[in-house]
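In: I would like to see how this sequence folds:
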Amino acid sequence: MSVSVAGKKRYLMSFRNRQRTHMSFFIVVIFFAVFGIIVFTEIFFMDEREKATGVLVRRGAISFQQKDDHLEYDNDFQSDDYISIRVGQAMMDNAEIGAFLLGKARGGYNLDNNPIAKYFNEDRLPSFPDNFTISNGSWQPINGSRFKFYVFSAYYDSRRNQRNIRIIAATKTRGPERVYCRLWYRSSENSSSTFNSSKTVTARMKVIRENWNLRYSACFVMCPLKANMSVPVAVSVVAKLNSAPSNMLSVINNFDPNWQSNTNTIGKFAVCVKPLHFDYNKELQIMEFIELNRLMGVDHFTFYNHTIGPQVSCILDHYRSEGIITLLPWKLPMLSQKEIRTEGLFAALNDCLYRSMYRYSHALLVDLDEYIIPNYNTSLPQLINYLNHRLNTRTTGSFSFQNAFFYLQWDDDEKVDDFKDPIASNLVTLKKTRRKTKLHPHKQRSKYICRPELVIEAGNHFVWEFQPGHGTLNVPADAAILHHYRICEFGGNDCIKTSSVVDRTAYRYMDSLTKTVRERYEQLKDKCSLNTPKLAPTKVFHKILQMLKSGAQMTR
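Out: The predicted structure is shown next:
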């Protein structure tokens with residue numbers, strides 16, 4: 001009898017297992033059937049909408065391609081933030097019309113001959129405030145915005161047959177607000193008269209990628225121009241159409257249709273430096289940076305003043321009076337490192353990029369403790385020509401250089417004792433010649449020289465986005481590297497234990513550099529109250545210091 005009971009139990013368990021298996025299979029079949037119906041329905045209705053309207057709506061996504069060791073990115077408006085609308089052969093990129101077509105419209109957009117466009121009645125909008133100061137490089141607020149929103153500068157950008165006013169701005173990283181562009185015009189009879197007309201368009205927002213996921217980010221505010229619209233003299237960005245403008249940016253129009261053959265820009269190099277902060281006041285460093293780069297062929301420098309000390313302020317004012325530098329105020333009312341990355345440096349880098357466009361053939365984006373030093377050439381224009389002949393650079397939009405650390409904790413070069421010159425012995429490129437043997441790979445602490453007109457969005461260590469068909473050339477280390485003079489990046493002194501080599505490549509500039517810096521110092525020492533440089537400690541002093549350290553360790 002016990003055997004019979006056990007057999008029944010086994011039978012029941014087997015039966016239930018079969019039932020569960022059949023049920024699971026049935027559920028899977030139902031799931032795929034429902035999923036297939038949904039997909040089929042979506043495709044069917046999308047086709048019907050396309051046939052009815054003649055409009056193809058497609059969500060864009062930034063794609064990355066590798067081609068001939070070049071980075072290539074698609075159209076900057078083909079991002080997840082935008083919807084691409086194709087009407088016949090015309091291509092229009094607009095988030096709001098796309099949303100309208102998808103049933104998510106919140107408002108209209110000013111487009112030629114478009115039945116769903118909303119035309120703004122300029123007569124009903126606030127007029128230009130007569131007492132407003134126009135700026136082409138200062139942070140100004142957008143009043144009425146729900147979050148912090150500031151604009152800095154505006155540039156006319158007509159590349160890729162898309163005419164826009166591109167505004168450098170900073171606002172909320174995720175879900176930036178909708179804003180409008182008030183475009184201001186003057187009468188052609190008198191260019192100095194007050195603005196007598198305006199046009200208004202809905203802006204497009206593009207958050208700059210390198211934002212470190214902080215609350216606020218640098219961004220582009222794009223003001224599209226219709227075919228019949230000329231380039232405005234100035235632009236204001238407003239959060240509400242019925243609000244008076246709280247900002248006024250002059251539109252910088254450097255566009256040159258003949259830039260490829262313009263002899264005024266060929267071979268001209270510019271340097272872009274992120275905002276100077278923490279009351280920066282290193283007198284010899286700033287002079288060494290400017291003079292060494294000038295010896296290597298740089299024509300102009302753009303600096304951004306967050307906070308600088310009195311001596312450096314005086315030095316930069318002198319260079320500015322000679323037309324060598326541009327110094328712009330940088331008072332962005334956002335908390336550095338808490339709300340936005342390092343004083344909003346990515347806004348500064350991209351402002352300098354567009355400020356240099358069509359005025360200089362190449363731009364270096366480097367820090368004050370970094371130098372791109374050629375190995376076979378004496379100047380940067382010669383280096384670029386060398387690379388153009390040695391490599392295929394037809395589609396090159398930027399040249400990337402590997403980073404080499406010259407740690408400041410390493411001893412000064414033994415030749416420093418022979419200088420007998422307080423200026424020469426305090427120049428970092430001459431006294432610090434020991435560098436880390438291993439170079440960082442490209443894109444990790446690397447810096448670059450770019451062709452501004454081929455770049456859409458600049459980053460700190462590499463270009464994020466190029467004009468279609470262009471990309472980065474990774475420059476071989478034997479041609480040039482980035483000399484980076486700094487303390488150990490992770491604190492302490494362990495970095496000096498790493499494998500190292502003495503590199504005196506920068507010594508080819510020693511005589512000229514020492515001469516030019518000394519001349520600048522003598523010229524400005526009284527005017528700018530410069531400190532007197534001191535001779536570096538001698539070898540004997542170093543030996544005594546090492547003996548004292550060794551004795552102290554033995555007594556422990």
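In: Surely Asn247 touches Ser138?
Out: No: look at Asn247 against Ser138 with CB atoms under 8 Å: they stay out of range, at 9.4 Å. (Each C-beta comes from the backbone N, C-alpha and C, glycine too.)
In: Among the two, which residue is more densely surrounded?
Out: Taking other CB atoms under 10 Å, Asn247 and Ser138 do not tie; Asn247 has more neighbours (26 against 16).
In: Would you list the phi and psi of the more buried one?
Out: phi -150, psi 150 (degrees, to the nearest 10).
In: now do Tyr386
Out: phi -60, psi -40.
In: Repeat that for Tyr371.
Out: phi -140, psi 130.
In: What's the local residue count around it?
Out: Residues lying near Tyr371 (other CB under 10 Å) number 26.
In: How about it: which residues does it bridge to?
Out: Using DSSP bridges, the bridge partners assigned to Tyr371 are His483.
In: And it, how far from Asn377?
Out: To Asn377, Tyr371 is 14 Å away according to CB to CB, to the nearest Å.
In: picking that back up, shared neighbours of Asn247 and Ser138, anything?
Out: Counting by CB atoms under 8 Å, 6 or more residues apart in numbering, Asn247 and Ser138 have no contacts in common.
In: Quick check: Val179 vs Phe269, distance?
Out: Relative to Phe269, and taking CB to CB, Val179 is found at 35 Å.
In: So, low pLDDT: which residues of the stretch 251-400 of the chain?
Out: Residue ranges of the stretch 251-400 of the chain with pLDDT under 70: 258-261, 263.
In: Give me the domain ranges for the chain.
Out: 120-252, 259-540 (automatic domain parsing).
In: I'd like those laid out as TSV, including distance to Arg16.
Out: Converted to TSV, these look like this (distance: least, CB to CB, whole Å):
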stretch	distance to Arg16
domain 120-252	50
domain 259-540	59
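In: Of these, which is nearest Val28?
Out: domain 120-252 (37.3 Å; CB to CB).
In: measure the closest one end to end?
Out: With CA to CA, to the nearest Å as the measure, domain 120-252 spans 25 Å from end to end.
In: who are the neighbours in contact with Met13?
Out: Contacts of Met13 (CB under 8 Å, 6+ apart): none.
In: Tell me how far it lies from Met23.
Out: In terms of CB to CB, Met13 sits 16 Å off from Met23.
In: all helices of the stretch 151-300 of the chain, in order?
Out: Along the stretch 151-300 of the chain, counting by DSSP state H, counting those that start in this stretch, helices occupy 283-295.
In: swap that for the chain, please
Out: 2-53, 95-101, 283-295, 310-321, 345-356, 380-390, 416-419, 428-431, 510-524, 539-554 (DSSP state H).
In: What is the burial count for Asn388?
Out: Counted with other CB under 10 Å, Asn388 comes out at 14.
In: if you skip the residues just before and after it, what's nearest to Ala506?
Out: Spatial nearest neighbour of Ala506, chain neighbours left out: Thr429 (4.2 Å); criterion: CB to CB, 6 or more residues apart in numbering.
In: OK, contacts around the closest residue to Gly323 other than its chain neighbours?
Out: Distances taken as CB to CB, 6+ apart put His300 closest to Gly323, at 7.9 Å, once the chain neighbours are dropped. Counting by CB under 8 Å, 6+ apart, His300 makes contact with Lys268, Ala270, Val271, Gly323, Ile324, Ile325, Thr326, Ser356, Tyr360.
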